[in-house]
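1. quick one: sequence and predicted model below, then my questions.
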Amino acid sequence: MPLARNPVKLLKFVFCFHNKAFCLRSPKSRTRGVWLEVRGNSRCRGTTIPATTAAILCVCVCDGRYTRIPLTHPPGRRPPSLERRLFASGGAGRRRGSGPRPVLAMSLYRNSVWFVKGLRHYCRSGYESASKHFVPEDLEVDVTGRHFMVTGGNSGIGKAAAKEIARRGGLVHLVCRNKDRAEEAKKDITTETDNQNVFIHILDMSDPKGIWEFTERFKNEHRLNVLVNNAGCMVNQRELTKDGLEKNFATNTLGTYILTTALLPLLEREDDPRVTTLSAFRGRDMKCSVLFGNPPRDRRTITVSSGGMLVQKLDVSNLQSENVAFDGTMVYAQNKRQQVVMTEQWAKAHPSVHFSSMHPGWADTPAVRSSMPDFYEKMKNRLRTEDQGADTVVWLAVSREAGKQASGQFFQDRQPVPTHLPLAQTKSSPGDEAKLMQFLEELSQKFKPR
Ligand SMILES: NC(=O)c1ccc[n+]([C@@H]2O[C@H](COP(=O)([O-])OP(=O)(O)OC[C@H]3O[C@@H](n4cnc5c(N)ncnc54)[C@H](OP(=O)(O)O)[C@@H]3O)[C@@H](O)[C@H]2O)c1
């Protein structure tokens, strides 16, 4: 039976995707209930729980509210009721003051709808069916003379995007944290594209002071037409940077915020260069001349977010994940929601630059392999290639069509798509959105060299 029509199998997938520590399966010997296994701890015992509880447990874990349910019990003694432990007041990891039932029902809804959506649209098959409607000419452009920056350009989607931009003649700055990996990527890109205008800059995106210093130098020495905020991470344990910042937040949210706001004056300084003629693309002569974008749409910022953000509502009360049990997947999804909100806010505040955020789909990259090994194992035959994941990044960076779209939107497979699931109650108030921007501005200023 297809996964989407088999609730138990689907539940297992959702569950395994969101939390590596648990595994749900229907025991053949039992007709009622779902067998819960806890992996990685020899003292833990399995126990049978009703399917409804399993569903709720699944959602609790997905939401990071019950990541540490104590399932161990002294040998030889009957384990206490799991349901009692789940619903006991102040249960492990539960956020104080939030009644569990409505929150859990909503979480179950969000996660299930999102996962089914992912199976339909985010896999390779989703790309293949969406790509039937792509206009190939959109990417048949020559961007010689235009300057691009791609963070995390040494690997996965960032490297694939940088390569396609270089192939079209763009000058590419790869911003990477590791010199060897960056050199290797540069070599691959220049060899494959025959474009020698690829430059590397070493920068750790979780280091706010380093980003300020880098941008100050960069602004004095270079031009910039398009910034691609691609570097991102999903760190599954709560780790702090040397500045005491939670690492996912520092990299995905604060790092992106500082880099973008610091480079905005450089983007805004760019004239409105028009690419007048499409001369050749891979040896093929193009038939027409086009204007490459109209002001203000030629200066662009693209942020590689994730469809995972759809399960999260912006939460400005706990930006560094201090007060809840830590779940890297959900912290990552919250950061990606923050990126989408930042993009919308920047678009309103800076009309001369074209902003977009996007979801690359589920692509087979080093990050997915290392941060989500269970998900990778289950989905590896269905994942997109890195090039397929990068397609919309490239389209947003170089195509004339992308420049015609309204600024601030969220894209998937070259189309603007909604930033909320229907009925998911993830819409945030304008007040919360303003609070996020104010918080990031104040925090970023603390690290600005005087
Ligand atoms: N693959 C997917 O299915 C998927 C789905 C949704 C969204 N995304 C997003 O796509 C983007 C690219 O990820 P990917 O899947 O292509 O994974 P990837 O191949 O591992 O690329 C991530 C890149 O980010 C860099 N990076 C991470 N932390 C950094 C830091 N502190 N400073 C500088 N660079 C840093 C990595 O550098 P190192 O090589 O040095 O680690 C790497 O170059 C991410 O923002 C990710 O959230 C991916």
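-> Yes, it's here. Quick caveat: nothing in here was measured; it's all calculated off a predicted structure. Numbers count the residues shown, from 1 in each chain.

2. please make it C-alpha for all contacts and neighbour counts, starting now.
-> Fine.

3. which strands and helices lie in contact with the helix or strand where Ala397 lies?
-> Element membership for Ala397 (DSSP states H and E) is helix 386-398. Packing partners of helix 386-398 (3 or more CA pairs under 8 Å, 6 or more residues apart in numbering; DSSP states H and E): helix 156-167, strand 226-229, strand 300-304, strand 354-359, helix 400-404.

4. what is the rounded mean pLDDT of the last one?
-> What it means is helix 400-404. Taken as a whole, helix 400-404 has a mean pLDDT of 93.

5. next structured bit after it?
-> Counting by DSSP H and E, the next helix or strand C-terminal to helix 400-404 is strand 409-412.

6. quick one on the thing from earlier: so is the helix holding Ala397 next to the ligand?
-> No. Applying CA under 6 Å from any ligand atom, one finds helix 386-398 separated from the ligand by no less than 7.1 Å.

7. what of stretch 139-154?
-> Yes. Stretch 139-154 reaches the ligand (CA under 6 Å from any ligand atom) through Gly152, Gly153, Asn154.

8. first to last residue in that stretch, what's the distance?
-> End-to-end distance for stretch 139-154: 22 Å, by CA to CA, to the nearest Å.

9. ok now that stretch, how far from the chain's centre?
-> From the chain centre to the centre of stretch 139-154 is a distance of 20 Å (CA atoms, centre = their mean, to the nearest Å).

10. buried sites along it?
-> Of the residues in stretch 139-154, 139-143, 146-154 count as buried by neighbour count, 16 or more other CA atoms under 10 Å.

11. residues contacting Ile165?
-> Neighbouring residues of Ile165 by CA atoms under 8 Å, 6 or more residues apart in numbering: Val143, Leu171, Val172, Val394, Val398.

12. which two in these are spaced the farthest apart?
-> Spatial extent of these (CA to CA) is set by the pair Leu171 and Val394 at 13.8 Å.

13. gap between Gly308 and the ligand?
-> As defined by CA to the nearest ligand atom, to the nearest Å, Gly308 lies at a distance of 7 Å from the ligand.

14. for the residue lying closest to that residue once chain neighbours are set aside, which residues are in contact?
-> Counting by CA to CA, 6 or more residues apart in numbering, Gly308 lies nearest to Ala333, which is 5.2 Å off, once chain neighbours are set aside. Ala333 makes contact with Ser306, Gly308, Met309, Leu310, Val311, Gln312, according to CA under 8 Å, 6+ apart.

15. local confidence estimate at the first one?
-> When you say that, I think you mean Ser306. 98.

16. burial of it, as a residue count?
-> Counted with other CA atoms under 10 Å, residues neighbouring Ser306 total 24.

17. residues contacting the closest residue to Glu401 other than its chain neighbours?
-> The spatially closest residue to Glu401, leaving aside those adjacent along the chain, is Asp138, at 6.7 Å (CA to CA, 6+ apart). Asp138 is in contact with Trp395, Ser399, Arg400, Glu401, counting by CA under 8 Å, 6+ apart.

18. repeat that for Lys313.
-> Contacts of Lys313 (CA under 8 Å, 6+ apart): Gln334, Arg337, Gln425, Thr426, Lys427, Ser428.

19. let's see that with 6 Å instead.
-> Residues near Lys313 by CA atoms under 6 Å, 6 or more residues apart in numbering: Thr426.

20. before we move on, what about Leu240?
-> Glu246, Lys247.

21. now do the phi/psi pair for it.
-> Backbone torsions of Leu240, given as degrees, to the nearest 10, read phi -110, psi 150.

22. for the ligand, see how far away it is.
-> According to CA to the nearest ligand atom, Leu240 and the ligand sit 12 Å apart.

23. all numbers from here: first residue = 588
-> Happy to do that; since the first residue is 588 now, the last one works out to Leu827.

24. who does that residue bridge with?
-> Applying DSSP bridges to Leu827 gives these bridge partners: Glu833.

25. neighbours of Ile845, how many?
-> Counted with other CA under 10 Å, residues neighbouring Ile845 total 24.

26. a markdown table for the contacts of Ile752, including distance to Leu790?
-> Listed next are these as a markdown table, based on distance: CA to CA, whole Å:
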| residue | distance to Leu790 |
| --- | --- |
| Val730 | 26 |
| Leu758 | 19 |
| Val759 | 15 |
| Val981 | 22 |
| Val985 | 25 |
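
27. please identify which of those residues is nearest to the ligand.
-> Val981 (13.0 Å; CA to the nearest ligand atom).

28. and the average pLDDT for the helix or strand harbouring Ala1021 is what?
-> If you go by DSSP H and E, Ala1021 is part of helix 1017-1033. For helix 1017-1033, the mean pLDDT works out to 98.

29. dump the residue contacts of Gly819.
-> Asn839.
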